[in-house]
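Engineer: Just a sequence and a predicted model for now, questions to come.
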Amino acid sequence: MTWDDHAMPCNHYRAAISARATGTPLPATVTESALDHHMTSCLSCGRWARHLTTLRAATDDLLRRRRPTEAPPEPV
């Protein structure tokens, strides 16, 4: 881990991971490169990001299956 990783707790990075997963802007305190670096150096956050991605895909798939065919699917 680098000094930057210690300067910002994982919960700030996890907020950025959630933002990235939903396509919303990252928090102002986290850059794309800092997030990428943290996710490769922090096994816990990397694992959390993979779980979040899997959960979102499964939720979106479930909603597509339950929605009437005439309505366009909306991501969660």
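Structural biologist: In hand now; what should we look at? Numbering: from 1, shown residues only.
Engineer: Which secondary structure state does residue 16 sit in?
Structural biologist: When classified by DSSP: H, G, I helix; E, B strand; the rest coil, residue 16 comes out as helix.
Engineer: Hmm, it is touching residue 25, no?
Structural biologist: No - Residue 16 is beyond contact range of residue 25, at 9.6 Å (criterion: CB atoms under 8 Å). For glycine as for every other residue, the C-beta is placed from the backbone atoms N, C-alpha and C.
Engineer: Neighbour count: these two, which is higher?
Structural biologist: A count of neighbours by other CB atoms under 10 Å puts residue 16 above the other of residue 16 and residue 25, at 25 against 8.
Engineer: ok, that one - contacts?
Structural biologist: Contacts for residue 16 were tallied using CB atoms under 8 Å, 6 or more residues apart in numbering; they are 26-27, 30, 35.
Engineer: Can I get those in CSV including neighbour count?
Structural biologist: Below are these laid out as CSV (neighbours: other CB atoms under 10 Å):
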residue, neighbour count
26, 17
27, 15
30, 18
35, 20
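Engineer: Which members of those occur in strands, if any?
Structural biologist: Among the contacts of residue 16, no residue falls in strands (DSSP state E).
Engineer: among these, which two are most distant?
Structural biologist: The span of those, defined through CB to CB, is set by 27 and 35 at 9.6 Å.
Engineer: what residue ranges in the chain score low on pLDDT?
Structural biologist: Flagging of the chain using pLDDT under 70 yields the residue ranges 1-8, 67-73, 76.
Engineer: In it, what residue spans correspond to strands?
Structural biologist: Going by DSSP E, the chain shows no strands.
Engineer: Could you export the longest helix along the chain as PDB, CA atoms only?
Structural biologist: Counting residues, the longest helix found in the chain (DSSP state H) is helix 43-66. Provided in PDB are the C-alpha atoms of helix 43-66 (Å, rounded to 0.1, in the frame of the first residue of the first chain):
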ATOM      1  CA  LEU A  43      -7.800  -7.200  -2.100                       C
ATOM      2  CA  SER A  44     -10.900  -6.400   0.000                       C
ATOM      3  CA  CYS A  45     -12.000  -3.500  -2.300                       C
ATOM      4  CA  GLY A  46     -11.200  -5.400  -5.400                       C
ATOM      5  CA  ARG A  47     -13.300  -8.300  -4.200                       C
ATOM      6  CA  TRP A  48     -16.100  -5.900  -3.100                       C
ATOM      7  CA  ALA A  49     -16.100  -4.400  -6.600                       C
ATOM      8  CA  ARG A  50     -16.400  -7.800  -8.200                       C
ATOM      9  CA  HIS A  51     -19.300  -8.800  -5.900                       C
ATOM     10  CA  LEU A  52     -21.100  -5.500  -6.600                       C
ATOM     11  CA  THR A  53     -20.700  -6.000 -10.400                       C
ATOM     12  CA  THR A  54     -22.100  -9.500 -10.100                       C
ATOM     13  CA  LEU A  55     -25.000  -8.400  -7.900                       C
ATOM     14  CA  ARG A  56     -25.900  -5.500 -10.300                       C
ATOM     15  CA  ALA A  57     -25.800  -7.800 -13.300                       C
ATOM     16  CA  ALA A  58     -28.000 -10.400 -11.600                       C
ATOM     17  CA  THR A  59     -30.500  -7.700 -10.400                       C
ATOM     18  CA  ASP A  60     -30.700  -6.200 -13.900                       C
ATOM     19  CA  ASP A  61     -31.200  -9.600 -15.400                       C
ATOM     20  CA  LEU A  62     -34.000 -10.400 -12.900                       C
ATOM     21  CA  LEU A  63     -35.700  -7.100 -13.700                       C
ATOM     22  CA  ARG A  64     -35.500  -7.700 -17.400                       C
ATOM     23  CA  ARG A  65     -37.200 -11.100 -17.000                       C
ATOM     24  CA  ARG A  66     -40.000  -9.800 -14.800                       C
END
